[in-house]
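> With the sequence up front, the predicted model follows.
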Amino acid sequence: MFRPVKLTRLTIQVPEDRISAVMAILGDLRLLHLIRVEETHLGRLGYVAHIDTSLLEHYDSLLARANRLLRDLGPAGPSSGIRKVPQPDKAVFRLEEDLARIETEALEPLERKKKAKNAISEHESLIARLQLLEPAKIDLDRLHDLRYVTWRAGLIPEENLNKLEQSLVDTHHTLIPVGRKEQRVVLLAMSLKKDEEALLGALKSAFWDTLELPPEIHGTIGKALDQLSAELEHLKTELAGLDTEGAELTQKHGTRLKRLREEILLARQLLKAQAEFGQIDHTYLLTGWIPVALFEELKKRILKATSGKALVDQVDPKDIKEIRSGILKIPILFNNPMLIRPFERLTTLYGTPSYEEVEPTVFLAVSFLLLFGMMFGDVGHGAILCGIGYYVFRKMYRYIDYGIILMECGVSSMIFGLLYGSIFGLEDLIPALWMHPLEEINRFMVMSAFLGIGVISLGLILNLINVIRQRSYGELLSTSGLAGALLYWLGVGLVARYLLSGGLSPFEVIFAKVAAGALIILMILQRPVRAVLAQRRTKEKWRHLPPGLGGTILESFIEVLDDLLRYLANTVSFVRVAAFALTHAGLFIAVFSLADMVQNVHGQGLFYWITIILGNIVIIALEGIVVSIQTLRLEYYEFFSKFFRGGGKPFQPLLEEKL
Amino acid sequence: MIFAAAGYAYPNAKVRALRSRRLTAQDRHFLLEARDFSSFLAYLVTTTYGRVLPDFEEEKTDPGVLERRLARSLMEDYAKVTRSLRGKRQQELVLALFSRFEAENLKVLLRAMFSGLEKQAVAHLLYPLGKLSALPWDGLWACNNPAEIADLLIRNPFGQALKHALPQFNVQGRLFPLEMALDLSCFQRLKQAISGLRSRSDKKAAKRILGPYVDILNISWVIRLKIHYGLSHEEIVNYSLPGGELLTLSHLHRLARAENISLFLEQMPRSLQKEVQEVREWEDFYPYLETWFLRLLARFFMGPPFNIGIEIAFLLEKEMELTSLITLLEAKAQGLSPGKTVKKLPWQFYEVAHV
């Protein structure tokens, strides 16, 4: 919980003909952080593995076919997940067969359904066109039989009708307006066949939109419409039948198809991952990070799958030169229980801790919930937050972590609600187990400040642990190290002593002055002294003092002053916890005052309760957002800044992409 | 009368102030007589158009770029005149006139889309419309085909016109129907804006200016469609602009059928015949008609002042000055002599152009 999962560096050498089996095992395991071969000496020597492109293309084609079937059959919901990771070069045959079997059964009805839909669409469009011409009551057969006259049916913008008439004044023609549609006139234009070119030219320039009528339409428009309507009904009935057939196919093959698709995606990912490997002749080389606890199991499975032909080795990170010198970093795999795990998102938002640092998520989680609860303490509001969090947890898979955080914040709010004795702002329903914030403002503010002292002190302690782990002992004398921590605690102790006893003894004052002075001098001089020592180790020993020492001392002085002031500011910053808790209570007063005013006018009826409910919604929304932001601010700026350096590398499991 | 005076006192004062910034006789003289393109530009910078010209290096000056830069002056005047008018209907009339430049930019957009060019490649061909144009230009440039443009502009007359022209665009496979639809919609909007004016004097003034303007445009279009595009007379009539005063559809049809210049001249309305009787080449028609129109516009500044005619007359006069300037710019860029250049200009531009 306080440290990431212990990892070991794994190297696997496997013959080319067994790589697929090994890939399947690695895919099954998932917890392997592959190191790209380019980052190793093999990559620099050019020994990069090649992907089997023809196999990959085959999988791409399978995926396209599966997607098409899924789109047409439309099975809803996610897949139930596959149990066994496929071996890409072997699985392709089974996947091809399974998919082909489904296609044999499904493609033909789907094709018929598509044709039926197209036919319906065409019929509907033709009916719409004929309906525009219906008022003309024309017989299409007679029109088609005309020997000396040519005709066209279409639409033109209303404003162009006069111009069209004028343009055809030299031509024997007739223009019959039949109806109107959306600022356009439905027109039947006729002329002698010898003047067809002139007619068409005129129509073209009048922005003519032809109403296409297929030659197979016969008889009067009315009769054609009746026939088409009957055909349309028949087609719709046919489509309904095909829909039923489609639903049956979906029921029969939907689940299997979704799983097939997942397998195809997984196999593709495994194939693509091969690009990360090294290859020398007919041997593949993989290297990566894996949890120490999984190594033996992995080795056993690989040796079994490859009949002992693979070589599996591990190396402790301490023995890797690049790790010791800091060139390569060990990735971080978080190791937190379920209730704390969602807070990893908030940790990584600030940065990824390095492997040697204390993993701060559990501290973040506890302090976050404590601070949130203090600022948002109300049983009713906490319950609502919990409810919202639960809804998100159950219904919104992508935001499941935030749902859990919301639920936990809700519970914390409820606990503090009990401590404050507040349910939806009403403080007379239950007794306060601790205090009513509005009645003991000063005490609450002092409590908040001490809470801040506690959080900051924790940060300082964690920093000391990190310094020791990282062996950067020089930091101990800095303001963020032991010297700074001691000075801070000295100050806190004096203030506490003063508040509790009302005064300080002369010895205490002298001791404080001497201790503080010594610590401050140490902090100021630690950098210049280190600079001098560093210079002594260089070749320029003839120089007694490094160049720019005066500047270094001045900088150090200012830095120490700045850091000490920051300690004060950081501590005082926690008073906002009290401020926001009081704000929360104050907003309730405002809502109730408003409700009372409404009550005076309308009585204690509907409007009164609407005011209360709306007011509570506004408080939850507004205060919820503000308190979250303030809590995060306190965590990141006041707490994390004391110890969290970050710069770590996150663990990227194989096949991390969501399917 | 009092209300009209109150309504137009400020706009007219504004227009007269703007009108005072026209090119002077001296300017026109020196521009016409400029030895070469660089001398032309050197003098142009000293005129009122100088403030819209870029800081340029002579060898990199492109006449096409300069033309649109010069147009900024006109666009600014449109904005000033629109702002000075109080009535919404009067503003709509000016905006309808302005919409022609929006239509030009839409045509550039369509041509760029058709040719697969990005906006940057054709930016120099766009009119600097400024804030006066309310069209969603960013969205229009993001469209992939004319149908999308029509959908985006569906609440605008341009959108309706494009939608009606799309079937012919799909059949013919060329932009011509869409471009014609855009042009026609501007003048349809202009016609509606004139009908929408409440004041009789405004309506009368607007018709007296815009009617003849549409007539001269129709004549030049007949010539262009007939001679350059080779369209049939049936097509030419359908592409004519609405709202003309002297030319009816029948007139235009007869003009479209005329097979040579003398027959064409015979079909012109009597009031225009004497203006163009000396024309011998097709390209000479427009300068003569422009001369006639500019005379008509000048009369407006001497007549009753409290109507929309002053504003419209000024904007059209300015537009024609700009057209003449651009003609001159192109002539200088091609190295044409002043003698050859004057044939392309209206009489008012060069008649008093002497010092």
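Arrived safely. Bear in mind the structure is a predicted one, so any value in this text is a computation, not a measurement.
> nearest residue to A:His173 other than its sequence neighbours?
A:Ser191 (4.1 Å; C-beta to C-beta, 6 or more residues apart in numbering or on different chains). From N, CA and C alone the C-beta is placed, and that goes for glycine too.
> What of A:Asn466?
Per C-beta to C-beta, 6+ apart, closest to A:Asn466 is A:Glu357, 5.0 Å.
> Now the element after the host helix or strand of A:Ala224, going C-ward?
Here A:Ala224 sits within helix A:221-273, counting by DSSP states H and E. On the C-terminal side of helix A:221-273, the closest following helix or strand by DSSP H and E is strand A:278-280.
> how far is that following strand from where the chain is centred?
Centre-to-centre, strand A:278-280 and its host chain are 36 Å apart (C-alpha atoms, centre = their mean, to the nearest Å).
> Likewise for stretch A:128-148?
Put simply, stretch A:128-148 sits 60 Å off its chain's centre (C-alpha atoms, centre = their mean).
> Outside of it itself, list whatever touches it.
Residues from elsewhere that reach stretch A:128-148 (C-beta atoms under 8 Å, 6 or more residues apart in numbering or on different chains): A:151, A:153, A:155, A:176, A:178-179, A:181, A:186, A:188, A:192-193, A:211-213, A:215, A:217-222, A:224-225, A:228.
> Mind checking the pLDDT average for it?
When pLDDT is averaged over stretch A:128-148, the result is 88.
> Endpoints of that stretch, how far apart?
For stretch A:128-148, the first-to-last residue distance is 29 Å (C-alpha to C-alpha, to the nearest Å).
> same deal with stretch A:274-287?
12 Å.
> Spatially central residue in chain B, please.
B:Glu319 (6.2 Å; C-alpha atoms, centre = their mean).
> Could you measure from that residue over to B:Ser99?
13 Å (C-beta to C-beta, to the nearest Å).
> Kindly report the same for B:Val171.
To B:Ser99, B:Val171 is 27 Å away according to C-beta to C-beta.
> So for those two, which sits in the more crowded spot?
B:Ser99 (23 against 13; other C-beta atoms under 10 Å in any protein chain shown).
> Spit out the contact partners of that one.
B:157-158, B:186, B:189-190.
> Could you say which helix or strand holds it?
Counting by DSSP H and E, B:Ser99 is part of helix B:88-115.
> which is the next helix or strand following that helix?
Counting by DSSP H and E, the element after helix B:88-115 in chain order, helix or strand, is helix B:119-122.
> Residue 201: neighbouring residues, count only.
As the question left the chain open, I've gone with chain A. Around A:Gly201 there are 20 residues (other C-beta under 10 Å).
> actually it's chain B I care about, not the one you picked
16.
> I figured it hits B:Phe306, correct?
Yes. The criterion here is C-beta atoms under 8 Å, and B:Ser201 meets it with B:Phe306 at 7.3 Å.
> shared neighbours of these two, anything?
Jointly contacting B:Ser201 and B:Phe306 under the rule C-beta under 8 Å, 6+ apart are B:Ala4.
> Around chain B, which positions in chain A sit nearby?
A:156-157, A:159-160, A:162-164, A:166-171, A:183-184, A:198-199, A:201-202, A:204-210 (C-beta under 8 Å from any C-beta of the partner chain).
> Helix, strand, or coil at the closest residue to B:Lys191 other than its chain neighbours?
Leaving aside its sequence neighbours, B:Lys191 sits nearest to B:Gly243 (C-beta to C-beta, 6+ apart; 4.3 Å). Judged by DSSP: H, G, I helix; E, B strand; the rest coil, the three-state class of B:Gly243 is coil.
> okay, B:Gly243: pLDDT?
If you check B:Gly243, the pLDDT there is 86.
> Over to the one 4 residues further on?
Note for B:Leu247: predicted pLDDT of 90.
> so which helix or strand takes in it?
Using DSSP H and E, no helix or strand contains B:Leu247.
> List the contacts of it.
Counting by C-beta under 8 Å, 6+ apart, B:Leu247 touches B:215, B:218-219, B:255, B:269.
> can you rerun that using 7 Å?
The contact partners of B:Leu247, taken as C-beta atoms under 7 Å, 6 or more residues apart in numbering or on different chains, are B:215, B:218, B:269.
> Give me the angle between the helix or strand harbouring the first one and helix B:88-115.
Element membership of B:Asp215, judged by DSSP H and E, is helix B:200-223. With axes from the mean of the first three to the mean of the last three C-alpha atoms, to 10 degrees as the criterion, the two stretches helix B:200-223 and helix B:88-115 enclose an angle of 20 degrees.
> avg pLDDT for helix B:200-223?
The average pLDDT for helix B:200-223 rounds to 93.
> and the gap between the closest residue to A:Gly179 other than its chain neighbours and A:Leu155?
Leaving aside its sequence neighbours, A:Gly179 sits nearest to A:Val186 (C-beta to C-beta, 6+ apart; 4.3 Å). Distance of A:Val186 to A:Leu155, computed by C-beta to C-beta: 6 Å.
> again with B:Leu255
For B:Leu255 relative to A:Leu155 (C-beta to C-beta), the value is 28 Å.
> just B:Leu18 next, same as before
When B:Leu18 is compared with A:Leu155 (using C-beta to C-beta), they lie 45 Å apart.
> Which one of those two is surrounded by more residues?
Shown here are B:Leu18 and A:Leu155; by other C-beta under 10 Å, A:Leu155 has more neighbours (24 against 20).
> Thought A:Gln183 was touching the more buried one, still the case?
No. Between A:Leu155 and A:Gln183 there is no contact under C-beta atoms under 7 Å: 9.7 Å.
> quick revisit: which helix or strand contains the residue nearest to the centre of chain B?
B:Glu319 belongs to helix B:309-334, assigned by DSSP H and E.
> Give the other helices and strands that that helix contacts.
The contact analysis (3 or more C-beta pairs under 7 Å, 6 or more residues apart in numbering or on different chains; DSSP states H and E) places helix B:309-334 against helix B:2-19, helix B:37-44, helix B:63-84, helix B:88-115, helix B:200-223, helix B:285-300.
> quick one on the thing from earlier: from the contacts of stretch A:128-148, which land in helices?
Counting by DSSP state H, the part of the contacts of stretch A:128-148 found in helices is A:221-222, A:224-225, A:228.
> which intervals of the chain have sub-threshold pLDDT?
In the absence of a named chain, this looks at chain A. When residues are selected by pLDDT under 70, those of chain A lie in A:38-44, A:46, A:75-85, A:537-546, A:604, A:655-659.
> Chain B was what I was after
Within chain B, the stretches with pLDDT under 70 are B:1, B:54-61, B:350-355.
> Could you list the residues of it in contact with chain A?
With the criterion set to C-beta under 7 Å from any C-beta of the partner chain, chain B comes near chain A through B:160, B:164-165, B:167-168, B:177, B:181, B:188, B:232, B:234-235, B:237-240, B:242, B:249-250, B:253.
> Now the stretch 401-550 of chain A against chain B: closest residue?
A:Tyr402 (34.0 Å; C-beta to the nearest C-beta).
> if I read this right, that residue contacts A:Val392, doesn't it?
Yes. If you go by C-beta under 7 Å, A:Tyr402 and A:Val392 touch, sitting 6.2 Å apart.
> Before I go, just wanted to say thanks for your time.
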